[in-house]
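Peer 1: Quick one, what's the 3D model for this:
(one chain, ligands or ions: 1)
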Amino acid sequence: MAGEILNEAVEHYLEELVPPRDGILTEMEELAKRDSHPIVGPVVARLLALMTQIIDAKRIFEFGSAIGYSTLCFARAAGGGAEVHYTDSSPENAERAKEFITRAGVVSRVQFHVGDALTSFRKTRGGFDLIFCDLDKKQYPAAFRLAFPRLRHGGLFIADNTLWRGSVARESEEEPTRTMRKFNRMIYASKELLPVIVPLRDGVTVCRKL
Ligand SMILES: C[S@@+](CC[C@H](N)C(=O)[O-])C[C@H]1O[C@@H](n2cnc3c(N)ncnc32)[C@H](O)[C@@H]1O
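Peer 2: A predicted model of the protein is given here:
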């Protein structure tokens, strides 16, 4: 993926600027690399932490959490009293995530849901300050439609991989490019949102609910 949105030298430069992570995040990054888990990585994790803190998000829902790297970043950034909902269809991923997040000392801030993330969302109650979408790319429009009514005004909907290796700019009809193009158009056409695609890594859409 490196070099497909930003040039490789700039990507490398941005990664170098991020200070070294603690032992647990480093272990998670190594595991993700070894077992090919597509985690957001340190550059995008900082953007997620910044957005969390700017709006003082406490109730956070993630669609697609894998080994819990982004979950841990949210739980730390949101601080005491946070409620971060982890979702993944893989029980093995959830087990690993729980182990890392427990060792990080923030497991009391996280609720784990194993199974389809949309079904898990329906089982929760109440509104959310921040919703992060990082599941199967073809499910982005459905996840957005389901989650949006329960995002508070002023809250953020954030979606990863929305430039999909730059393919969205090439009018490809292949999936998931086609769905991602449709999703981006839908988000930008909405009068209820203020969206910006931040071209970091694979593209991160940040939208504020007006
Ligand atoms: C890109 S990874 C998530 C990475 C994570 N957000 C991070 O940055 O640390 C996507 C994860 O979503 C899960 N997933 C995909 N579709 C799903 C669905 N419908 N319900 C639950 N999990 C799903 C996959 O198992 C995978 O682990």
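Peer 1: Quick check: residues of this structure near the ligand?
Peer 2: For the chain, the contact set with the ligand under CB under 6 Å from any ligand atom comprises 38-40, 64-66, 69-70, 87-90, 93, 116-117, 134-136, 139. C-betas here are computed from N, CA, C, even on glycine.
Peer 1: of those residues, buried ones?
Peer 2: 39-40, 64-66, 69-70, 87-89, 93, 116-117, 134-135, 139 (16 or more other CB atoms under 10 Å).
Peer 1: and whichever strand in the chain runs longest, which strands flank it?
Peer 2: Longest strand in the chain by number of residues (criterion: DSSP state E): strand 151-160. The strands beside strand 151-160 in its sheet (DSSP bridges) come out as strand 128-133 (parallel), strand 204-209 (antiparallel).
Peer 1: Select from the buried ones among the residues of the chain next to the ligand every entry located in helices.
Peer 2: Of the positions in those, 69-70, 93, 117 sit in helices, assigned by DSSP state H.
Peer 1: Looking at those, which is nearest F100?
Peer 2: In terms of CB to CB, no member of these lies closer to F100 than Y69, at 8.1 Å.
Peer 1: can I assume the closest one is in contact with E30?
Peer 2: No: judged on CB atoms under 8 Å, Y69 makes no contact with E30 at a distance of 11.1 Å.
Peer 1: Mutual contacts of the two, please.
Peer 2: Shared contacts of Y69 and E30 (CB atoms under 8 Å, 6 or more residues apart in numbering): none.
Peer 1: just curious, which of the ones in helices among the buried ones among the residues of the chain next to the ligand is nearest to A57?
Peer 2: S70 (13.2 Å).
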